[in-house]
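Trainee: for reference, the sequence and a predicted model appear below.
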Amino acid sequence: MAKIVQFGGFRHVIFEKIKSRHLITTIDHGDVKVPLLSANSDSFYSFLPHFFGTDNVIVAHCQHGTKIKTVTKKSAERVYKADGLLYWYLPTDKKLQKIVASTTGDCPHLIIEISLKNFKIVGVVHSGWQGTLDNIAGQAINMLTNSKMKLSKKQINIGLWPGICQDCYEVGDEIREMFEKKYSHHILNYFRPINMGKSWKLSLAGIIRHQLKELGIKEKQIEQPDICPCCYEEDGQPLFFSNRRDDNDKEKRNGVLIKV
C-alpha cells in the first residue's frame, strides 16, 4: 500500500508497486514550482541529491490538456509544456541520472512504470478534470502499448495520486453534463448531487480508475492512497498544499517525482 514515510526529516508519499525511486512531496518540502530549475525551496533542492542521487530534473509544465511528451536521453529540454512525460530508458543509458517531475495543487497524477530486463519506462501524467474528461490516462496507456516495443498492459504499474477527494471537490452542473455527453450513463456514479442537484461532488480518481480498467489495467496494477491534499491532516495540521483549501496561497504546489 502507498504510505507516508520520512527521509531526512521530510515526510512524503511513496507507492509500494513503483520500484524506481519516487515521491509525492508534502508541505515539509516547501513550495515546489515549475520550472524546478532554481531553489524555490532551498531545503527541497538540497534534499533532492540525498534522496535521488541527482538534482537533474525534467518537468512537465501542466497545460490542463492532454499533450503527453515522450522523452529520451537525447531530449535536450528541461521544461515541457505538456501534461505528461514518458521517459524511455534504454540499455545504452547506463549512466543516466534524471528525475521526471510534475507539480500539483489538487489534481490527480499518475506515476507510471514499466520495468523489464535492461529496459524501463517511467512517467508522470497530470489528470485534472479536463484531462480526465478527455481520458489522458487512457492515452498514456495507449502510447505505451501501441509503441514499436509491443509492450503488454500487464507490464504496467501505476501509482495513482488521487488528488482532491469527492467530499472536497464541488463542481457545477455544466461539468457533469460534459462527462454525461462523452461517456455512458454509468460515469455519473462518480458524481454525487448536493444543493438539490444544482452542484455535484466529483470523484476524479474514481473516473480515472474506471478509465484504466476499461483499457484492461487490472486492479492489482493500480495503487492509490486514501489521502486528499485538501483535507488530510497530521496532528491537526494540513500535510499538503491545496488550491481549494488555501485561499491565500493558491499557487503553492506539491511535487510528483520519479527517478529514471
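Mentor: Sure, I can see it.

Trainee: who's in contact with the helix or strand where residue 121 lies?
Mentor: Secondary structure from DSSP states H and E places residue 121 in strand 119-126. Outside strand 119-126, the residues within contact range by Cβ atoms under 8 Å, 6 or more residues apart in numbering are 20, 22, 60, 62, 64, 68, 83-91, 100-102, 104, 107-114, 131, 136-137, 140, 144, 149, 151, 256-260. Every residue, glycine included, has its C-beta placed from N, CA and C.

Trainee: same deal with stretch 10-23?
Mentor: 1-6, 24-26, 28-29, 47, 51-53, 111, 113, 115, 120, 122, 157-159, 161, 221, 223, 225, 227, 234, 239, 255, 257-260.

Trainee: what helix or strand does residue 46 sit in?
Mentor: Residue 46 belongs to helix 42-52, assigned by DSSP H and E.

Trainee: need phi/psi at residue 206.
Mentor: When quoted as degrees, to the nearest 10, the phi and psi of residue 206 stand at phi -60, psi -40.

Trainee: strands of the stretch 51-200 of the chain, start to end?
Mentor: With DSSP state E, counting those that start in this stretch as the criterion, the stretch 51-200 of the chain has strands at 57-60, 68-71, 79-80, 84-89, 99-104, 109-116, 119-126, 157-161, 170-172, 191-194, 199-202.

Trainee: quick one: those strands as TSV, columns for mean neighbour count and distance to residue 212 too.
Mentor: Listed next are the strands of the stretch 51-200 of the chain as TSV, based on neighbours: other Cβ atoms under 10 Å; distance: least, Cβ to Cβ, whole Å:
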stretch	mean neighbour count	distance to residue 212
strand 57-60	24	19
strand 68-71	19	15
strand 79-80	18	23
strand 84-89	24	14
strand 99-104	26	18
strand 109-116	21	9
strand 119-126	25	11
strand 157-161	24	7
strand 170-172	14	21
strand 191-194	14	19
strand 199-202	19	17
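
Trainee: so for residue 244, which of these sits nearest?
Mentor: Of all the strands of the stretch 51-200 of the chain, it is strand 170-172 that lies closest to residue 244, at 8.7 Å by Cβ to Cβ.

Trainee: now the buried members of the contacts of stretch 10-23.
Mentor: 2, 24-26, 28-29, 47, 51-52, 111, 113, 120, 122, 157-159, 161, 221, 223, 225, 227, 239, 255, 257-260 (16 or more other Cβ atoms under 10 Å).
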